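Asker: Next one to model:
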Amino acid sequence: MPSVEVNGGRVVYEILGDAASSGDAASSGDAASSGDAAGSGGAADVVVLTPGGRFGMDVPGLRPLAEAIAAGGYSVLLWDRPNCGASDVQFYGQTESHMRAETLNALLDALGIESCVLAGGSGGARDSMLTTILYPERVTGLVLWNIVGGIYGTINLAAVYVLPSLQAVRAGGTALLPRVREWRERIEANPANEQRLLDLDSDEFVKLSLRWLNAYVPKPGQTIPGVDDELFDRIRVPTLIIRGGENDLDHPKRTALEVSCLIKGSTVIDPPWPEDAWERAMRDRASGKVQHNNLFDTWVQAAPAILKFLDG
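Answerer: I've put the predicted structure just below:
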C-alpha cells in the first residue's frame, strides 16, 4: 500500500475509482509529486471514507461501501488513521480525533486533493466532523452515521481507547505497551510500531493519556467528546446524517438528532439497516455465529442514500 509521512509518522492509504488510475498516486517518499491525485472528475469528486474504532481500511464491511460509492462515479480515499491498521502509531494533540484531523489535512495536501466530501461512521464520524470544524475550507460535504454519544457510549470510549494503555504504562512504563492487545495488533500490521511504542516517554504518555481521557468525560455543552457545541457553527456544508438505532446505546438516536440541531441545514434520515443492526451484530459475534468483525457489514446498505446525497 502507498503511504506518506505526516508529522513523523507513516500513513497508509488507498484510492478507489477514477483517481486510482488517473496518474501516479503518491507513494512513500514522493507524495509531493502526486499531481492530480483527485482524478479527472476534480477534487470535489473525492470522498474520504473513514471507519470507526481503531480499525483500519481492511475492516470487513468498509470496502463494499467504498466500491459502491466508486461505482457511482466518485473517487474514494481509504486511509489507516494513526493508531489504526498498518499506519504508524502516533500520540499528540488535544484529543486523538484532533490528531487524526490534522493528519488527514496533511495527507490531503500530500495527495494534491484540495477539497473533498468526508464520510464516516462511529469514530470515523467524529473524526470527519472535527476535520470539517478545523479545516472548513477543505470540505464540500459531510456524511455521518453511527455517531457515538451519551453517557454509556462516551465512557465506553474511554474504557476502550485510553484506560488499558494508561494503566499499563503506570504499572510498568512504556515497555508494557506492546503487550496491550490493541498495540499487539498494530505491531502485527506494522512491526515498526513496536519500537515506536518503546521509544515513548512514560511521563509524557501519561500526561497525554490523561488529556485524551478527559475528553471522554461527559460535559455540558459537548455533544461530541472533546468538541464544544459552539464550534459546530463552522460546519456550513451540506450534511447527511443517518441516525442511530432506536435502542443503540453506543450510537444513540438522540445524539444524531442533537448533532443535526448543531449543523444548520443538515438532513437526517432513518437508518437503511434494521433498527437493531448494531446490537444484533454484537450478539452474533459474541455467540460465535460469525468469526469475522461483523460490526460494519451493514454499512454498504447506506450506499444508495449516500450516492443520492452526493449527486445532489
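
Asker: burial measure for T239, as a count.
Answerer: 24 (other CB atoms under 10 Å). C-beta coordinates here come from the backbone N, C-alpha and C atoms, glycine included.

Asker: So for the protein, which residue is the most central one in space?
Answerer: Centrality entry for the chain: nearest residue to the mean C-alpha point is G124, 2.7 Å, by CA atoms, centre = their mean.

Asker: In a strand, L142, correct?
Answerer: Yes: assigned with DSSP: H, G, I helix; E, B strand; the rest coil, L142 falls within a strand.

Asker: Name the nearest residue to it, ignoring sequence neighbours.
Answerer: Among residues not flanking L142 along the chain, T239 sits closest, at 4.3 Å (CB to CB, 6 or more residues apart in numbering).

Asker: State the distance from that neighbour to W183.
Answerer: Computed as CB to CB, to the nearest Å, the T239 to W183 distance reads 34 Å.

Asker: Please enumerate the strands of the protein.
Answerer: 3-6, 9-16, 46-50, 75-79, 116-121, 139-145, 239-242, 267-269 (DSSP state E).

Asker: Now tabulate those strands in TSV and tack on distance to P60 and mean pLDDT.
Answerer: Shown next, in TSV, are the strands of the chain (distance: least, CB to CB, whole Å; pLDDT from 0 to 100):
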stretch	distance to P60	mean pLDDT
strand 3-6	22	96
strand 9-16	16	98
strand 46-50	14	98
strand 75-79	13	98
strand 116-121	13	98
strand 139-145	17	98
strand 239-242	19	98
strand 267-269	24	98
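
Asker: mind giving me a markdown table with the ones you listed and columns for distance to C261?
Answerer: Shown next, in a markdown table, are these (distance: least, CB to CB, whole Å):
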| stretch | distance to C261 |
| --- | --- |
| strand 3-6 | 33 |
| strand 9-16 | 33 |
| strand 46-50 | 23 |
| strand 75-79 | 29 |
| strand 116-121 | 20 |
| strand 139-145 | 13 |
| strand 239-242 | 10 |
| strand 267-269 | 10 |
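
Asker: Compare those strands and give me the one nearest A171.
Answerer: strand 9-16 (25.9 Å; CB to CB).

Asker: If you compare the directions of the closest one and strand 46-50, what angle comes out?
Answerer: 120 degrees (axes from the mean of the first three to the mean of the last three CA atoms, to 10 degrees).

Asker: then strand 9-16 to CSV, C-alphas only?
Answerer: This file holds the C-alpha atoms of strand 9-16, laid out as CSV (Å, rounded to 0.1, in the frame of the first residue of the first chain):
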residue,chain,number,x,y,z
GLY,A,9,4.5,9.0,11.1
ARG,A,10,3.7,6.9,8.1
VAL,A,11,0.1,7.0,7.0
VAL,A,12,-1.1,4.2,4.7
TYR,A,13,-3.9,4.9,2.2
GLU,A,14,-5.6,3.6,-1.0
ILE,A,15,-7.6,5.3,-3.6
LEU,A,16,-10.5,3.6,-5.5
